[in-house]
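Participant: test case, fold it:
(4 chains)
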2 protein chains.
Amino acid sequence: MKESFGSPGGSLAAKVRTLAPSMTRSMQRVAEAVAGDPAGCAALTVTGLAELTGTSEATVVRTARLLGYPGYRDLRLALAGLAAQQQSGRAPAITTDIAVDDSLADVVTKLAYEEQQTLADTAAGLDTAALGAAVTALAAARRTDVYGLGASGLVAQDLTQKLLRIGLIAHAPGDPHLAVTNAVQLRAGDVAIAITHSGSTGDVIEPLRVAFERGATTVAITGRPQSPVTQYADHVLTTSTSRESELRPAAMSSRTSQLLVVDCLFVGVAQRTYESAAPALAASYEALAHRHRAGTR
Amino acid sequence: MKESFGSPGGSLAAKVRTLAPSMTRSMQRVAEAVAGDPAGCAALTVTGLAELTGTSEATVVRTARLLGYPGYRDLRLALAGLAAQQQSGRAPAITTDIAVDDSLADVVTKLAYEEQQTLADTAAGLDTAALGAAVTALAAARRTDVYGLGASGLVAQDLTQKLLRIGLIAHAPGDPHLAVTNAVQLRAGDVAIAITHSGSTGDVIEPLRVAFERGATTVAITGRPQSPVTQYADHVLTTSTSRESELRPAAMSSRTSQLLVVDCLFVGVAQRTYESAAPALAASYEALAHRHRAGTR
DNA sequence: GTCACCTCTGAAAGATATTTTCGGCTCGGC
DNA sequence: GCCGAGCCGAAAATATCTTTCAGAGGTGAC
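Facilitator: Prediction:
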C-alpha cells in the first residue's frame, strides 16, 4: 500500500524524521544531508550528492523516491524551492530540547512550541486524497471499529465518542481479543480504523487484518507509512514524528498528531452528513446540559 | 501578472523587461512564458517548454543564457525557488470558521491553525506558580486521583498513563461513584485533580470536594476559573477557551488545551523526580518493545 | 559454529534531458 | 533578383538521471 504525501512543500525535515526508521543506513546519510542543507544539495547533481554522502547514485535516487518524489530531479527542484523559502522566511526555531533544569515557564513554552510544530508538520504531510476516501467510507459505513492501544487507545476512544455524537455507530474495543471478535463481524461497507504510531503493534494490526479480509474498508493512522500495518490498510493517514527527547517521549507528539488527524476525519464526516449530524450534535449537547450545575457563581 | 520586487529571485520579471529589446522574437516568447508562470515552467523540461512556446530546445537554452544562467537546468532551479517564494508569500490569514462546504484541505488547514492558536493561548495564560505548586504536590504524593468525564475523561486517563510510567501511583476512575469511593481514601499528602472544561460538571466536582475535605491537595484544570469546581481546588490551572462553531464543538479545543496542561504537569514532575523517573520510563519502554513486531521495511 | 537466505549497496548499462553543432531559412539591402 | 547577416530548429553529442544486476554484508535457523 503506497501513499504519496499530499503537499510536496511541507516541511522536509519532518518527512525525513517520519521516514527515517524505514530507511537503510546509506539512505539515512543522504536524507540527513538533504534535510541539513537543502540549498547546498540543490546545487548538486545526483553524482555530486552521492559523492558527498559517500554513497552511490542509485541510493540517492532511492532516497528521493522514498521521500515521495518520482526521482532525484524532482527532489532537487523541491529542494531549490525550500531553500528559497528558508531564505525569505527566517524561521525563529526554538532548537533546544527540554532539559532537566529548565524552569517551568520554559517547559510550558517549549512544549507549546513543539506541539504547534507537530500540528504544522502533520497538516502539511496529510494526504488529502486518502483523508477524503476515509471520510467517504466513514460517512457511509454501517458501523465503524477503531483499534488502538496505550496512548493511541485514548485517541481511538476520542474518535469513537465524536462519531457517536453525530449519530454514527462506532466502537473502540480496548481489549485486543474483543477487538478481533468485533472485527470478524465487519463486512463490506463497514470501516475499521487502526491507530498505532509505530505501525507494528501486533495487537492492533491483527483486528485490522481480520476486518480487511472480511471486506471492510480499512484505514491506518500511523507515523510510519512503510510499516506492517499499512499492508492491510486501504487508506493510510500519516502522522508526523517529531524528534523526541528523554523528557518528551514520542508518545506525546504522536498523540497530538493523531488527534489532529482524527479531528479532520470527524469534521469531514460531519460535513458530509450535515443534515443528520447537526441535529444529533445539538441533541447530545442538550442531553448533557442538566449534568452541569447552573451558575458560574 | 503580479510580481514581487526586492526579493533576490523576484527580479526575474524586471530582468526580462530589461533584456527583452535585445532578444529575438522566439526568445521573447520563452522569456514571457517564464516570467508569467514560473511555477508552471519549473515543471517542464527543455523540450516541454520549447513545445509550449512553439520554439526549439536551442532557443530555450539561449534564453536561459541571456537571463544570466549557465543553462536551462539552472534557470529551472531558480524558477522553482521563485515559485516557492511566491507561494509562501501569500498570507494564509485564516479568519473564517470551518464551513459546511469547505474542502478537506481547508478543513485540515483551519483545524491545525485553530489548535495552534489554542496552544499559544493556553501557554500564555497558564499560571506558572499554580503549575509549580501542583507539580510539587504531585511529585511528593503518595497517590494521585484524576477525575474527568467525557472528553475530559480521556485527558484524565492520558495523565494517569503518563504518571504510572514514571513510577507514580495514579488512578482515573471513569465511574463517578467509584470516583467518590476512591476520593474517600485520600488524605493529606495525596493529590486529586479534576478536569472539566465547564467547571460545573457535578460528577467531577463531587469527588474533588470529598478529596478536598479529606485533606488532599486538590487541583482543578478548567476553562472557567470562576466556576464551582474551583471552590474545592487548592490550585487552579486555566485552559483556554476558543470560540466554537457548529462543526467544531468546544470539546475539541478544550481537549487540546487540557492536554498541554497535562503534559506540562507530567514533564514538571518528571524533572523533579528525574532520578527515579528516567529509569522507570526506560523500563516501560523496554517492556513494550516485544509487543511490536520487528521489521519496518 | 556454520549455512542459507535475505537485504542492502554500488558499478555499470540503459534511458532522458540538456547542450552544442550545423545547415536551412528569412529578411532587408543593394 | 541576388547577397549577406543573423535567427532558428533538427539532430548529434554530451551530461545527467534511472534501472538493472551481481556481489557484500548481515541475520536467523539449525
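Participant: and the helices in the stretch 51-200 of chain A, which stretches?
Facilitator: A:57-66, A:72-88, A:104-125, A:128-140, A:151-165, A:176-184 (DSSP state H, counting those that start in this stretch).
Participant: worst average pLDDT in these?
Facilitator: Among the helices of the stretch 51-200 of chain A, helix A:72-88 has the lowest mean pLDDT, at a mean of 83.
Participant: how far out from the middle of the chain is it?
Facilitator: 24 Å (C-alpha atoms, centre = their mean, to the nearest Å).
Participant: can you list the buried residues in that helix?
Facilitator: The neighbour-count check on helix A:72-88 (16 or more other C-beta atoms under 10 Å in any protein chain shown) flags A:72-85, A:88 as buried. In this view, the C-beta of every residue, glycine as well, is placed from N, C-alpha and C.
Participant: out of those residues, which comes closest to DNA strand C?
Facilitator: Using C-beta to the nearest atom of the strand, residue A:73 is the member of these that sits closest to DNA strand C, with 6.9 Å.
Participant: what mean pLDDT does the helix or strand hosting residue A:283 have?
Facilitator: Using DSSP states H and E, residue A:283 sits within helix A:274-289. Helix A:274-289 shows a mean pLDDT of 72.
Participant: would you mind writing the CA trace of stretch A:65-83 as PDB?
Facilitator: Extracted in PDB, the C-alpha atoms of stretch A:65-83 (Å, rounded to 0.1, in the frame of the first residue of the first chain):
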ATOM      1  CA  ARG A  65      11.700   8.000  -4.200                       C
ATOM      2  CA  LEU A  66      11.100   7.200  -0.500                       C
ATOM      3  CA  LEU A  67      10.700  10.900   0.200                       C
ATOM      4  CA  GLY A  68       7.800  10.900  -2.200                       C
ATOM      5  CA  TYR A  69       9.300  12.300  -5.400                       C
ATOM      6  CA  PRO A  70       9.300  10.500  -8.700                       C
ATOM      7  CA  GLY A  71      13.100  10.900  -9.000                       C
ATOM      8  CA  TYR A  72      16.100  12.900  -8.000                       C
ATOM      9  CA  ARG A  73      15.300  15.600 -10.400                       C
ATOM     10  CA  ASP A  74      12.100  16.500  -8.700                       C
ATOM     11  CA  LEU A  75      13.600  16.300  -5.200                       C
ATOM     12  CA  ARG A  76      16.200  18.700  -6.400                       C
ATOM     13  CA  LEU A  77      13.500  21.200  -7.600                       C
ATOM     14  CA  ALA A  78      11.700  20.900  -4.300                       C
ATOM     15  CA  LEU A  79      15.000  21.500  -2.500                       C
ATOM     16  CA  ALA A  80      15.500  24.700  -4.500                       C
ATOM     17  CA  GLY A  81      12.100  25.800  -3.500                       C
ATOM     18  CA  LEU A  82      12.600  25.000   0.100                       C
ATOM     19  CA  ALA A  83      15.900  26.800   0.100                       C
END
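Participant: and the contacts of that stretch?
Facilitator: Residues outside stretch A:65-83 that contact it (C-beta atoms under 8 Å, 6 or more residues apart in numbering or on different chains): A:4-5, A:8-9, A:12, A:15-16, A:19, A:22-23, A:27, A:31, A:34, A:38-39, A:41-42, A:46, A:49, A:60-61, A:63-64, B:42, B:76-78, B:80-81, B:83-85, B:87.
Participant: list only buried entries from those residues.
Facilitator: When the contacts of stretch A:65-83 are checked against 16+ other C-beta under 10 Å, the ones flagged as buried are A:5, A:8-9, A:12, A:15-16, A:19, A:22-23, A:27, A:31, A:34, A:38, A:41-42, A:46, A:49, A:60-61, A:63-64, B:42, B:76-78, B:80-81, B:83-85.
Participant: return only those of the buried residues of helix A:72-88 found close to DNA strand C.
Facilitator: Contacts with DNA strand C within the buried residues of helix A:72-88, counted by C-beta under 7 Å from any atom of the strand: residue A:73.
Participant: is chain B contacted by stretch A:195-210?
Facilitator: Yes: counting by C-beta under 8 Å from any C-beta of the partner chain, chain B has neighbours in stretch A:195-210: A:198-203, A:205.
Participant: and that stretch, is it in reach of DNA strand C?
Facilitator: No: using C-beta under 7 Å from any atom of the strand, stretch A:195-210 never reaches DNA strand C; the gap is at least 14.6 Å.
Participant: how far off centre is that stretch?
Facilitator: 15 Å.
Participant: circling back to that earlier point, pick out the most distant pair among the buried residues of helix A:72-88.
Facilitator: A:72 and A:88 (24.9 Å; C-beta to C-beta).
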